[in-house]
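Q: kindly return the folded structure for what I paste below:
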Amino acid sequence: MPEVLVRRTGPVGSIVLSNPAKFNAMSLGMWQALPQAIAELDADPAIRVIVIEGDGDRAFVSGADISQFESARTDPSARALYDAAVDAGYRSPVENRKPTIAKIRGICMGGGLGLAAACDLRICSDDARFRMPAARLGLGYSTSGVARFLSLLGPQRTLELFYTARIFGAADALAMGFVLQVTAAAELDATVAALAASIAENAPLTQHAAKRSMEALLFARGVPAGPEALDQRFQAAREAVAACGQSNDYREGARAFMEKRPPRFEGN
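A: Numbering: from 1, shown residues only. Next up, the predicted model:
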């Protein structure tokens, strides 16, 4: 049964997208469950970083479940429900407070590529395969979705991927800046775990402030919007930065530096 699983390992929360019979293609129910799963980990003070991955070793996410398109994407009211669920799924890694890592092995295409783009960091195995197949399906991709690729890849590369719908590998993904690192498939788990552990050691409020600032800057660059929406994001970023200076973690960081010891951050 297609489902979204939540797991915890110390300070690391994992979201496992599970539909292995269809290479983890996202059903409507999975899109609807994803924001709830991320919100659950975001609200847990013991969790410092969130890793999103596919179930098994064949795929991160192969895309949306095309078998549902006839029922979910033709009737206007059904399409509106489906599009809203997908948009909420894409926004959830961006809007939560905590750093998010996409752990990509195998197939990462369509909706999986869009979801990976919405995460803060992406690490893939050397056997990963990527594709944006919208032009092979006759689908229009939302402006906000295109903006995420624009912020990562720039205009030419973004249009080339959408125009050609070509499959590309891990080396290309690294060269174009889509992924942070490529690792051997057997080492992917350990590589992501090490990155997550290094993130979990540091001050959550500082990380949140950086995330909100990045969101505001990318929103200003890539998403057409009125001044009010833009102001809201910059205000959220300013508030997050200010909260760092008033935090116990800030005082702990200064003390630890003076005492030449590792800091013990609590996220407050």
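
Q: where do the helices sit along the stretch 151-268 of the chain?
A: In chain order, the stretch 151-268 of the chain shows helices spanning 155-164, 170-175, 188-200, 204-222, 227-245, 248-259, with DSSP state H, counting those that start in this stretch as the criterion.

Q: tell me what the fourth one is packed against?
A: Going back to what we said before, that points to helix 204-222. In this structure, helix 204-222 packs against helix 143-153, helix 227-245, helix 248-259, with contacts taken as 3 or more Cβ pairs under 8 Å, 6 or more residues apart in numbering; DSSP states H and E. From N, CA and C alone the C-beta is placed, and that goes for glycine too.

Q: give me the angle between the longest one and helix 248-259.
A: The one in question is helix 227-245. In terms of direction (axes from the mean of the first three to the mean of the last three Cα atoms, to 10 degrees), helix 227-245 departs from helix 248-259 by 40 degrees.

Q: pLDDT of helix 227-245, averaged?
A: Here the mean pLDDT over helix 227-245 is 75, rounded to a whole number.

Q: test my guess that residue 121 contacts residue 99.
A: Yes - Residue 121 lies in contact with residue 99 (Cβ atoms under 8 Å); the separation is 7.1 Å.

Q: the two: who's more crowded?
A: For residue 121 and residue 99, the more surrounded residue by other Cβ atoms under 10 Å is residue 99, and the numbers stand at 23 against 19.

Q: which SSE is immediately downstream of the lowest-mean-pLDDT helix or strand in the chain?
A: Of the helices and strands making up the chain, the lowest-confidence element is helix 69-72, at a mean of 58, by mean pLDDT, DSSP states H and E. Sequence-wise, the next helix or strand beyond helix 69-72 is helix 76-95, with elements assigned using DSSP states H and E.

Q: elements contacting that next one?
A: If you count contacts as 3+ Cβ pairs under 8 Å, 6+ apart, helix 76-95 packs onto helix 28-42, helix 69-72, helix 111-118, helix 143-153.

Q: quick check on the residue nearest in space to the middle of the chain: phi, psi?
A: Residue closest to the mean C-alpha point of the chain, counted by Cα atoms, centre = their mean, is residue 119 at 1.8 Å. Note on residue 119: backbone dihedrals following degrees, to the nearest 10 are phi -80, psi 160.

Q: am I right that residue 46 is in contact with residue 11?
A: Yes - taking contact to mean Cβ under 8 Å, the distance of 6.5 Å between residue 46 and residue 11 places them in contact.

Q: quick one: which of those two has more around it?
A: A direct count of neighbours by other Cβ under 10 Å for residue 46 and residue 11 places residue 11 higher, at 18 against 11.

Q: from residue 202, how far off is that one?
A: Look at residue 11 and residue 202: by Cβ to Cβ, to the nearest Å, they are 11 Å apart.

Q: kindly report the same for residue 233.
A: Applying Cβ to Cβ, one obtains 23 Å for the distance of residue 233 from residue 202.

Q: same deal with residue 123?
A: Note on residue 123: its distance to residue 202, by Cβ to Cβ, is 18 Å.

Q: next one: residue 14
A: Distance from residue 14 to residue 202, counting by Cβ to Cβ: 19 Å.

Q: between the two, point out the one with more neighbours.
A: Here residue 14 and residue 202 are compared on neighbour count by other Cβ under 10 Å; more neighbours surround residue 14, at 21 against 16.

Q: what about the nearest residue to that one once chain neighbours are set aside, how many residues nearby?
A: Excluding its sequence neighbours, the residue lying closest to residue 14 (Cβ to Cβ, 6 or more residues apart in numbering) is residue 7, at 4.4 Å. As a burial measure, residue 7 scores 12 neighbours (other Cβ under 10 Å).

Q: so what pLDDT did residue 7 get?
A: Residue 7 is assigned a pLDDT of 98 by the prediction.

Q: direction included, what does the helix or strand it falls within pair against?
A: Applying DSSP H and E as the criterion places residue 7 in strand 3-9. Paired with strand 3-9 in the same sheet, following DSSP bridges, are strand 12-18 (antiparallel).

Q: okay, the partner strand in CSV with CA atoms only?
A: Coordinates of each C-alpha in strand 12-18 appear next as CSV, following Å, rounded to 0.1, in the frame of the first residue of the first chain:
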residue,chain,number,x,y,z
VAL,A,12,17.6,12.6,12.8
GLY,A,13,14.0,12.2,11.5
SER,A,14,13.4,10.2,8.3
ILE,A,15,10.5,10.5,5.9
VAL,A,16,10.3,7.3,3.8
LEU,A,17,8.2,7.5,0.7
SER,A,18,6.9,4.0,0.2
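
Q: fine by me, we can end here.
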